[in-house]
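Undergrad: sharing a model prediction with you, sequence too.
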Amino acid sequence: MSLIKLEIAVDYPIQWEFSRVFRDLVQNFYDSLLPEEFAENFRYSYELEGTGYHVIMETKKTDFSYEWLTYVGGSTKTDNEGEYIGKYGEGFKMAALRIMQMGEMALTMHSQNWLISPVTYNETIDGRVIPMLGYDYREVPNDGITRLEIMGVSRNHKTVLEEALLDFCYPENKLFGPVVGKGTQWELYERSKRIIPCKQDFPNLKGILYVNNLARGRLDFPLIINYKKTLAYDSRSRETFDDAKTIDILHEVVNLFDSKTSLFVLEMFNKKWNEYPKDAYDINTKYYLVCQLVRNIAKDEIMAGVFKHKYQKLVYIDRKTNDFIHNRLIDETKAWAKENNSKRIVNPIFRLLGAESLVQEYENIKSLIYIEPSEIEKIRADILYITIKEIVPLKLTSKMPEIIIDEDEKEIFNPLQFAERNYIKEKGHKKKKYEINRLAFRHEDFQDEAYLKSLIKMAEALLHVYGTDRSSTLTLLLTHLGQWILEGADIIKKHEIEWNNA
C-alpha cells in the first residue's frame, strides 16, 4: 500500500451535484468502449445495502493504467479529438474529490493489477497545514476486469442511479427508437415510447440532442440526434444547452443530412410547411429547418421526384419585397385564395420541389374572368360613387376605385381583395386601415332595377377601409349605413333618375 499525491486541495470549490459526478464516472467507461459495444460490454448494477446503495460499474473489454488518473490535463483521449466525450483527464479526479467532499460515500477503482481509493493527506504550505486529495494505491491480482465501486450512495439519489445510462448515445439506450439515418458526423433515431425523465419539468420535451455522444439539448419533436463533433466553444463542464444554442447546433447538423433522412424529417414537420418566423428572435419556428430540409431533398433528383409524386397539389404565395405593384398583387391573391383555392399553401422554398406559384395562377385566372366595364356601366358606377360621397359623412377614398367586371359568377369577392394597407394619417379624419383601389362587380349590378342594391353593395365595400368583416368598427359603420340611407333618401332618389337616364 502506498500514497499517490495529487496536489489538489480538498477544499477546492467544485460545484458539481451528484448527478454530474455520477455521469462523469460512467463516462470514463463509455469512452473506453465503442458506443456500439457499450451495452454488451459494460456491466452496471446497484443494490441497497444498509442505509445506502452499493454501485458497481465494470467491463472486461478494456483496461488502463492508473497513472492517467493522476494528472489534470492529461488523458488517454487527448489525441482522438471528436471520438470521446472527455478529453482533459480531469473528470475522474474532480468526481473523486467531490465524493470525498460530500462525505459518507466511499469510492474504489480497479484495473489490471492495481486498486486505488481517494484519501486525504496533509501538506504544509507557507506554514499552514492544507488537506490534499490523494489515492491510496494497492497491488491486487489481475482478474481481467476494470471495476469502479461506490459504497454508501444516499437513497435520495435513486433516480440518478436509475437513469444513469440515458445520458449517453448508444443503440440500446431505452430512449432510442429505430435508426433513421447516419452520416460520418451525425446519427438520427426515432424516439421510443419511454418517457424522458425530465419531461415533467419541460412539457414540450419530446426528443434529445446529443453532442459528441452526450445528451446536451432538448428538442420539441420526437427524434434523437447525435452530432459527432467537438464544439470549439463548448465548456469543459458540458452543461445542458439553452434552447437558442440547441437550435443553432440543430441547424448546423441538419445541413449534413442526406436527402432520404431529410424527407423523413420534413414529413414530420408537415404542419409547419407554411410557417414563418414571428420575429428575428423566434427560436420556436421550424421555418429555417424546413427550408434546409427542402434544399437537401432538391439536390437529389430521385428523392425530389418521390416528393413531387406524393405531394402534387402544393402552391406558394410570393414573399413581399419593395415592389409595391407586385405586393398589391400578392394581397389580391391572398384574399382571392380564401374562397377559391383548393390546393395546399406552403412556403416559397417548396418551389424547389415543384410547388406552383399561386400568384401566377391568380394572374392567369384574373386575365380570363375580369373585363373592362362598358361605357354605360362606367357611368352608372360613377353615379353610385357620387351618391355615396354625398350621403356618407366619412372620407372613404381619395379617388374612385377602378371598376372591373367579373364574368365568372362562381367567384366570391372580398372587398379587401384588391386593397392595400393605408399608412397615411390625415389630420381631422378617422384613421383608415386600408386603401381600396379596385372593386369587382357583375353585369347584373348595372341593370336598370339594380340601383339601390348596387348602391348598398358599393357602400359596404368602401366602408371596409376601416376594417375587416370581423372588426367592431366596421360592424358599427354598417349599422350607421342604414341611417345614412334613410337620411339621404332625396339624394338617392335624384341620382336614381340619373341612373335610369344613363
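TA: Nice, I can see it. Residues are numbered from 1 along each chain as shown.

Undergrad: which residues in the stretch 201-350 of the chain form helices?
TA: Along the stretch 201-350 of the chain, counting by DSSP state H, counting those that start in this stretch, helices occupy 243-254, 259-268, 287-298, 301-310, 324-340.

Undergrad: so which of the ones you listed gets nearest residue 492?
TA: Between residue 492 and these, the shortest gap by Cβ to Cβ is with helix 324-340, which sits at 29.4 Å. (Each C-beta comes from the backbone N, C-alpha and C, glycine too.)

Undergrad: which positions within that closest one qualify as buried?
TA: Along helix 324-340, the positions that meet the burial threshold by neighbour count (16 or more other Cβ atoms under 10 Å) are 327, 328, 329, 330, 331, 332, 333, 334, 335, 336, 337, 340.

Undergrad: pull the CA atoms of that helix into PDB?
TA: Output for helix 324-340, consisting of C-alpha atoms alone and laid out as PDB, is shown next (Å, rounded to 0.1, in the frame of the first residue of the first chain):
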ATOM      1  CA  PHE A 324     -45.300  47.800 -54.400                       C
ATOM      2  CA  ILE A 325     -47.200  46.800 -57.500                       C
ATOM      3  CA  HIS A 326     -46.300  43.100 -57.000                       C
ATOM      4  CA  ASN A 327     -47.100  43.400 -53.300                       C
ATOM      5  CA  ARG A 328     -50.600  44.600 -54.200                       C
ATOM      6  CA  LEU A 329     -51.000  41.500 -56.400                       C
ATOM      7  CA  ILE A 330     -49.900  39.300 -53.500                       C
ATOM      8  CA  ASP A 331     -52.600  40.900 -51.300                       C
ATOM      9  CA  GLU A 332     -55.200  40.300 -54.000                       C
ATOM     10  CA  THR A 333     -54.100  36.700 -54.300                       C
ATOM     11  CA  LYS A 334     -54.400  36.100 -50.600                       C
ATOM     12  CA  ALA A 335     -57.900  37.500 -50.500                       C
ATOM     13  CA  TRP A 336     -58.900  35.500 -53.600                       C
ATOM     14  CA  ALA A 337     -57.400  32.300 -52.200                       C
ATOM     15  CA  LYS A 338     -59.600  32.300 -49.100                       C
ATOM     16  CA  GLU A 339     -62.700  31.400 -51.200                       C
ATOM     17  CA  ASN A 340     -61.200  30.000 -54.400                       C
END
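
Undergrad: list the contacts for the residue nearest to residue 326 when sequence neighbours are not counted?
TA: Nearest-residue entry for residue 326: residue 318, 7.2 Å, with adjacent residues in sequence omitted and distances by Cβ to Cβ, 6 or more residues apart in numbering. Taking Cβ atoms under 8 Å, 6 or more residues apart in numbering, we find residue 318 in contact with 326, 330, 348, 357, 359.

Undergrad: now with 10 Å?
TA: Applying Cβ atoms under 10 Å, 6 or more residues apart in numbering to residue 318 gives the contacts 326, 327, 329, 330, 333, 348, 351, 357, 358, 359, 360.

Undergrad: before we move on, the earlier item: columns mean pLDDT on top of the helices of the stretch 201-350 of the chain, output as a markdown table?
TA: Supplementary listing: the helices of the stretch 201-350 of the chain in a markdown table, determined by pLDDT from 0 to 100:
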| stretch | mean pLDDT |
| --- | --- |
| helix 243-254 | 94 |
| helix 259-268 | 98 |
| helix 287-298 | 97 |
| helix 301-310 | 96 |
| helix 324-340 | 85 |
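
Undergrad: want to throw the ones you listed into CSV with distance to residue 180?
TA: As requested, the helices of the stretch 201-350 of the chain are exported to CSV (distance: least, Cβ to Cβ, whole Å):
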stretch, distance to residue 180
helix 243-254, 13
helix 259-268, 6
helix 287-298, 13
helix 301-310, 14
helix 324-340, 35
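
Undergrad: closest to residue 417 out of those helices?
TA: With Cβ to Cβ as the criterion, residue 417 lies closest to helix 324-340 of those, at 3.5 Å.

Undergrad: where are the low-confidence patches of the protein?
TA: Within the chain, the stretches falling below the threshold (pLDDT under 70) are 68, 71-89, 233-237, 325, 367-368, 408-413, 423-430.

Undergrad: one more pass at 50, please.
TA: Segments of the chain classed as low confidence (criterion: pLDDT under 50) are 74-88.

Undergrad: perfect, I'm done here.
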